[in-house]
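Peer 1: build me a model from this:
(one chain, ligands or ions: 1)
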Amino acid sequence: MKHTGIKVFAPASVGNVIVGFDIMGLALNKPGDEIIARFSDKPGLRITKVTGAKGRIPSEVEKNTASVAALSFLDHIGEKGKGIEIEIHKKMPFASGLGSSAASAVAGVFAMNELFKRPLQKRELLPFAVKGEELASKALHADNVAPSLMGGIIFIRNNHELDIQRLPAPKGLYATVIHPKIEIKTSESRGVLNKHITLNNHVLQSGNLGGFIIGLFKSDFDLIGRSLNDILIEPQRAGLIPGFKDVKNAALEQGALGCSISGAGPSIFALSANSFIAENVGSAMQKVFHDLKIDSELFISTINPEGAFKY
Ligand code: HSE
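Peer 2: Below is the predicted model of the structure:
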């Protein structure tokens, strides 16, 4: 017997947000991943269909980000043996810096919670989504998973405790994200990072992080702009992305508040104070990649307030 299913969406996200390496992320409206889930008469969780992945994601449940997150949730609610089928529809690029694996993990666990009629609150799904993301990124950081699940701009006081706080998104704030069609593995982009930082850089980066957060609370775009300066990570990763400096300069020339690498790259994002600037910034960024003969796709988005949802 074919059971009726439910369909959920989990959005892409921008990790780090320039000054919050591994501890801050924001949710975009699009792109994102969709999962359809339904009960089945065959026991156990199965992946019955994957689209949009060009054969690149495993359909074995123990190896797939979405199903690993789903399984850990099912284990928690005592339903691991229950017959369930999921279809995964990947609607965003891999290894892009847009939180692709996080969106899959979030969609996986969110779909299970909806299928079982919400035994847990949305916030309580975070640890299970992190399990799926950990499988893909081989590191524990919730700066993509948390905003993809919860929406908004999320600050993570501690990734191990998953102590997260939602930051206010000032009215008018837009994210412009450009994805050059090259791939950078998160592990490679993390591999270039020096494990040690100087005291001076720690002081500068802490000042910028604090300034950015206060700017969000006060809707003070000048303070936000002054604070969006990554002393620590961007200088070490910029060389991995062809044209990065030119793209960043083009965004700032068009009035972006700040511009940097989205997550582990190669996507580059900028924040702007209104949609008009955000669109001009996007055109300028895209022109740089066009001149370099690198295909790119552009996403312009308000800060997604909702995160994962059921259609
Ligand atoms: N915070 C992570 C990084 C995000 O920048 O490496 C990547 O998924």
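Peer 1: quick one, strands of this protein?
Peer 2: 6-15, 24-39, 45-51, 84-89, 153-158, 163-167, 174-180, 258-261, 268-272, 296-302, 309-310 (DSSP state E).
Peer 1: what about the helices in the stretch 101-250 of the chain?
Peer 2: Along the stretch 101-250 of the chain, the stretches classed as helices by DSSP state H, counting those that start in this stretch are 126-137, 145-150, 186-191, 199-218, 221-227, 234-237, 244-253.
Peer 1: pick the most buried one from the ones you listed.
Peer 2: When the helices of the stretch 101-250 of the chain are scored by mean count of other C-beta atoms under 10 Å, the highest mean neighbour count falls to helix 145-150 (a mean of 32). (Glycine included, C-beta is placed from N, CA and C.)
Peer 1: need the contact partners of it.
Peer 2: Counting by C-beta atoms under 8 Å, 6 or more residues apart in numbering, the neighbours of helix 145-150 from elsewhere in the structure are 10-14, 25-27, 32, 99, 102-103, 105-106, 110, 122-123, 125-126, 129-130, 133, 153-154, 156, 162, 164, 166, 304, 307-308.
Peer 1: how does it look with 6 Å?
Peer 2: Identification of contacts with helix 145-150 by C-beta atoms under 6 Å, 6 or more residues apart in numbering yields 10-11, 13, 25-27, 99, 102-103, 106, 129-130, 133, 154, 164, 307-308.
Peer 1: next one: stretch 195-212
Peer 2: Contacts of stretch 195-212 with the rest of the structure, by C-beta under 6 Å, 6+ apart, involve 19-20, 223-224, 227, 229, 231-232.
Peer 1: same question for stretch 59-76.
Peer 2: Under the criterion C-beta under 6 Å, 6+ apart, residues 45, 47, 50, 58, 80, 88, 101, 104-105, 107-109, 112, 128-129, 131-132, 135-136 lie in contact with stretch 59-76.
Peer 1: what residues are up against the nearest residue to Ile224 once chain neighbours are set aside?
Peer 2: Leaving aside its chain neighbours, Ile224 sits nearest to Gly215 (3.6 Å; criterion: C-beta to C-beta, 6 or more residues apart in numbering). For Gly215, the contacting residues are 223-224, 227, by C-beta under 6 Å, 6+ apart.
Peer 1: chain center to stretch 49-64, what's the gap?
Peer 2: 19 Å (C-alpha atoms, centre = their mean, to the nearest Å).
Peer 1: also stretch 282-291?
Peer 2: Relative to where its chain is centred, stretch 282-291 has its mean C-alpha point 22 Å off (C-alpha atoms, centre = their mean).
Peer 1: returning to that earlier point: mind putting the strands of the chain in JSON lines, distance to the ligand, mean pLDDT and mean neighbour count included?
Peer 2: As requested, those are arranged in JSON lines below (distance: least, C-beta to the nearest ligand atom, whole Å; pLDDT from 0 to 100; neighbours: other C-beta atoms under 10 Å):
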{"stretch": "strand 6-15", "distance to the ligand": "3", "mean pLDDT": "98", "mean neighbour count": "26"}
{"stretch": "strand 24-39", "distance to the ligand": "8", "mean pLDDT": "97", "mean neighbour count": "24"}
{"stretch": "strand 45-51", "distance to the ligand": "21", "mean pLDDT": "95", "mean neighbour count": "16"}
{"stretch": "strand 84-89", "distance to the ligand": "19", "mean pLDDT": "96", "mean neighbour count": "22"}
{"stretch": "strand 153-158", "distance to the ligand": "10", "mean pLDDT": "98", "mean neighbour count": "20"}
{"stretch": "strand 163-167", "distance to the ligand": "14", "mean pLDDT": "98", "mean neighbour count": "16"}
{"stretch": "strand 174-180", "distance to the ligand": "14", "mean pLDDT": "98", "mean neighbour count": "25"}
{"stretch": "strand 258-261", "distance to the ligand": "8", "mean pLDDT": "98", "mean neighbour count": "25"}
{"stretch": "strand 268-272", "distance to the ligand": "12", "mean pLDDT": "98", "mean neighbour count": "29"}
{"stretch": "strand 296-302", "distance to the ligand": "17", "mean pLDDT": "97", "mean neighbour count": "19"}
{"stretch": "strand 309-310", "distance to the ligand": "22", "mean pLDDT": "98", "mean neighbour count": "14"}
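Peer 1: that's all I had, so thanks and see you.
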